[in-house]
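Colleague: got a sequence here, can you model it:
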Amino acid sequence: MATVLRSLPTEVRSHSRPKTPSRQRVRIGLAMAIVGGLMWHASLRTPSGPAHGTALQGAVTEAASVSGPLRIGTFNIHGARGLDGKRDLDRIAKSLEGFDVIGLQEIHGVQDATLRDQADMLGEKLGMAWLFAPSVRQWHYYDFGNGILSRSPVIDWQRIPLERQTGKTYHNVLLVRVLHQGQPIQVLITHVHRRDEAERQAQLRAVIALFQSLDEPAILMGDLNSNAADPQMAALLATPGVLDASAGVSSPEGAARIDWILTRGLKTRSAGIEHTGASDHPFLWAELEIAAP
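Modeller: Take a look at the predicted model:
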């Protein structure tokens, strides 16, 4: 009788090993982490730092009047966003026609593929020399700050950062020396912090000290985010020789004014405050003459 040998069934135990990601997955994960880190770093708002120069950019198509008054203005353009929510640089430019020196606040940086900022675009529309003085850098571009448009010759300029203590953004002062009737005039253009009170007071103190240290004639203009009732503003307005160019000019809106044109060594021939709706701030202007010594 034939015997068939069969193997008895044996218990098979499998010990599965933990799966390890492939090299490709590791590389993809690492690349995504690097890209995410770079994007996070680029999104951070950083200060632009100080700078200086001896000339503005762009061409002047019409020289400033040498014999007449110096026509100046200051405008927080709110990134060219009007009260209707629309961005329109043409409306801003229309408000600024006919002036010699214009201080700008809340200018936005790169606007399109041309890599041009709003000061550049306004300078071209008005045929004025221009300078963007950014206070903030973000996404590898200068993003936000002050600026100047000028038909008057410029001797030199400085971008001076304002110290930040507790606020979430950065601000600066633009100091420009322009020539009028052969006389250098020192012009300060600034935008003081608003949301944090300690920050506002510290920056306002620094701006006032700088203004009072300048040789006459001197101009301080911009959005100081402080009205006449502020103790520092009240003390400045009471200082002998400091004049509010818009004193006596009533605002159509009747609101407490936080935009200013203050002078030393100059007298005002005329001034105005215009609510154009092109921004959430009014446009302030003044015609100034150099005061007799």
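
Colleague: just the residues contacting stretch 71-78, thanks.
Modeller: 65, 92, 95-96, 98-107, 118, 187, 189, 191, 219, 221-223, 259-261, 278-281, 283-288 (Cβ atoms under 8 Å, 6 or more residues apart in numbering). C-beta: built from backbone N, CA, C; applies to glycine.

Colleague: stretch 284-293 now?
Modeller: Here stretch 284-293 makes contact (Cβ under 8 Å, 6+ apart) with 69-75, 99, 180-181, 183, 185, 217, 219, 221, 245-246, 259-261, 263, 265-274.

Colleague: the residues you listed in strands, which ones?
Modeller: 70-75, 180, 183, 185, 219, 221, 259-261, 263, 266-274 (DSSP state E).

Colleague: please type out the ChimeraX selection for whichever of the residues you listed turn out to be buried.
Modeller: Applied in ChimeraX, the following selects the buried portion of the ones in strands among the contacts of stretch 284-293 according to 16 or more other Cβ atoms under 10 Å:
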select :70,71,72,73,74,75,180,185,219,221,259,260,261,263,266,268,271,273
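
Colleague: what is the neighbour count of residue 27?
Modeller: For residue 27, the count of nearby residues is 11 (other Cβ atoms under 10 Å).

Colleague: next one: it from residue 105, what distance?
Modeller: Here residue 27 is placed at a distance of 47 Å from residue 105 (Cβ to Cβ, to the nearest Å).

Colleague: do residue 119 as well
Modeller: 11 Å.

Colleague: same deal with residue 218?
Modeller: Counting by Cβ to Cβ, the gap from residue 218 to residue 105 is 19 Å.

Colleague: the more surrounded of those two?
Modeller: residue 105 (27 against 24).

Colleague: which strand or helix spans the more buried one?
Modeller: Assigned by DSSP states H and E, residue 105 belongs to strand 101-108.

Colleague: pLDDT weak spots in the stretch 151-293 of the chain?
Modeller: Scanning the stretch 151-293 of the chain for pLDDT under 70 picks out 167-168, 251-255.
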